[in-house]
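K.L.:
Predicted model, plus sequence, below.
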Amino acid sequence: MVLTLASVLLASAAPAFAGESDVLVVGDSLAVATQPYLGPRLEGRNIVSAVQNGITTPQGMRLVRMNLRTVTPRIVVFSLGTNDGSNARRFADRLRRTMKLLPADACVVWPTIVRPPRKGAYRGLNRVLHQAKRRDPRIVVVNWEHAVNVGAVFLPDGLHADAAGYSHRSEMIAAAIETRC
């Protein structure tokens with residue numbers, strides 16, 4: 001009787017949402033601000049968000065590990081690296097370790113990084129993303145840096161977009177998902 005009651009209590013403590021998710025979004029403030037625009041563009045897909053202002057790639061990795069306990073994503077969208085340092089080797093190691101956490105068949109969409117000089121150089125981090133894409137067919141790189149450089153979006157503080165920019169970012173991510181994942 002006690003064993004049965006314990007089994008029932010443990011079973012009821014299981015997560016309410018478990019199983020396969022279409023899209024897991026993990027990221028920093030850029031992901032937070034993109035979220036309201038991305039959801040409608042991915043209508044019909046289940047989206048699980050693990051986003052938080054100011055997080056680094058290692059903090060994002062922790063969010064991935066936590067979420068993988070309850071979801072098995074087909075697609076993972078990352079917005080990480082903006083708050084990391086400029087060391088490309090360190091970022092490459094973080095990216096490699098992050099990819100190891102994910103299901104072997106998950107499609108990974110990762111926009112490039114743009115940030116103001118006060119936050120450190122970032123082009124080496126973008127080279128890491130492009131190199132990783134060539135080595136791992138699961139990775140789809142969205143060229144956010146190009147969108148910023150050609151003036152398709154405006155970053156008032158050199159990092160965060162205005163509403164039109166976040167809408168454009170979500171269009172780029174959704175297009176990558178629809179055409180490449």
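P.N.:
On my side now, so go ahead.
K.L.:
which residue is nearest the middle of the protein?
P.N.:
With the centre of the chain defined as its mean C-alpha position, the nearest residue by Cα atoms, centre = their mean is Phe78, 1.4 Å away.
K.L.:
now it: how far from Pro117?
P.N.:
Distance, Phe78 to Pro117, by Cβ to Cβ, to the nearest Å: 23 Å. (Glycine included, C-beta is placed from N, CA and C.)
K.L.:
quick one: contacts for Ile139?
P.N.:
By Cβ atoms under 8 Å, 6 or more residues apart in numbering, the contact set of Ile139 is Met99, Val108, Trp110, Leu129, Ala132, Lys133.
K.L.:
Most neighbours among the residues you listed, which one?
P.N.:
Neighbour tally across these (other Cβ atoms under 10 Å): the maximum, 26 neighbours, falls on Trp110.
K.L.:
That residue contacts Val142, correct?
P.N.:
Yes. Trp110 lies in contact with Val142 (Cβ atoms under 8 Å); the separation is 7.0 Å.
K.L.:
helix, strand or coil for Val48?
P.N.:
Counting by DSSP: H, G, I helix; E, B strand; the rest coil, the backbone at Val48 sits in strand.
K.L.:
Look at it and report its pLDDT.
P.N.:
Note on Val48: pLDDT of 95.
K.L.:
what helix or strand is Ala175 on?
P.N.:
Following DSSP states H and E, one finds Ala175 within helix 163-180.
K.L.:
what helices or strands is that helix leaning on?
P.N.:
On a contact count with 3 or more Cβ pairs under 8 Å, 6 or more residues apart in numbering; DSSP states H and E, helix 163-180 meets helix 29-41, strand 71-79, strand 107-111, strand 139-142, helix 144-149.
K.L.:
For the longest one, what is the distance to the chain centroid?
P.N.:
Yep, that's helix 29-41 we're talking about. Distance of helix 29-41 from the chain centroid (Cα atoms, centre = their mean, to the nearest Å) equals 11 Å.
K.L.:
neighbours around Asp157, how many?
P.N.:
As a burial measure, Asp157 scores 8 neighbours (other Cβ under 10 Å).
K.L.:
Ignore what I typed, I meant Pro40.
P.N.:
Neighbour count of Pro40, defined by other Cβ under 10 Å: 10.
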